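Participant: give me coordinates for this.
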Amino acid sequence: QVQLVESGGGLVQAGGSLRLSCAASGRIFSINDMGWYRQAPGKQRELVARVTVHSNTNYADSVKGRFTISRDNAKNTVYLQMNSLKPEDTAVYYCNAKIVDYELRYEYDHWGQGTQVTVSS
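Facilitator: Prediction:
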């Protein structure tokens, strides 16, 4: 079993900052790409940012220059530093990781339970 546990969401005023964390645990051989997605009410889930095992990153245009994704491979953890938050950033944020199972040596797509981020104007 593999688990992704997220933390760090909450309520913040526009212009403020939050830092999300997502820790993976369980039967892990290795972790490839990790990322953050978000889903606002009535909208489809969208990519926010992704980071490869070698720390190459890509971002949605809407968050470039404001959000920073990073990872700590020793801790199997991915972070999302969110600065200059806007009301339109309000959504449930989901962690995603492509994890190679320890025994099967096969890559599976795993998701966290989601954490609410609310930005007030």
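
Participant: near Gly42, how many other residues are there?
Facilitator: Here the number of neighbours of Gly42 (other C-beta atoms under 10 Å) works out to 5. Every C-beta, even on glycine, is put in place using the N, C-alpha and C of the backbone.

Participant: so which residue is dead centre in this structure?
Facilitator: For the chain, the residue nearest the mean C-alpha position is Trp36 (2.7 Å; C-alpha atoms, centre = their mean).

Participant: ok, what's across the strand from that residue?
Facilitator: With DSSP bridges as the criterion, Trp36 is bridged to Ala49, Cys95.

Participant: check Tyr59 too.
Facilitator: If you apply DSSP bridges, the partners that Tyr59 bridges to are Ala49.

Participant: so it sits right up against Gln81, yeah?
Facilitator: No. If you go by C-beta atoms under 8 Å, Tyr59 and Gln81 don't touch, sitting 11.9 Å apart.

Participant: for these two, indicate the residue with more neighbours.
Facilitator: Taking neighbours as other C-beta under 10 Å, Tyr59 and Gln81 compare with Tyr59 leading, 18 against 15.

Participant: how much space is there between the more buried one and Val48?
Facilitator: 7 Å (C-beta to C-beta, to the nearest Å).

Participant: between those two, what contacts are shared?
Facilitator: Phe67, Ile69 (C-beta atoms under 8 Å, 6 or more residues apart in numbering).

Participant: neighbours around Lys75, how many?
Facilitator: Neighbour number of Lys75 under other C-beta under 10 Å is 12.

Participant: need the contact list for it.
Facilitator: Ala23.

Participant: could you do Thr118 as well?
Facilitator: Counted by C-beta under 8 Å, 6+ apart, Thr118 has contacts Gly10, Leu11, Val12, Thr90.

Participant: list buried residues within those residues.
Facilitator: Neighbour counting by 16 or more other C-beta atoms under 10 Å classes Val12, Thr90 among the contacts of Thr118 as buried.
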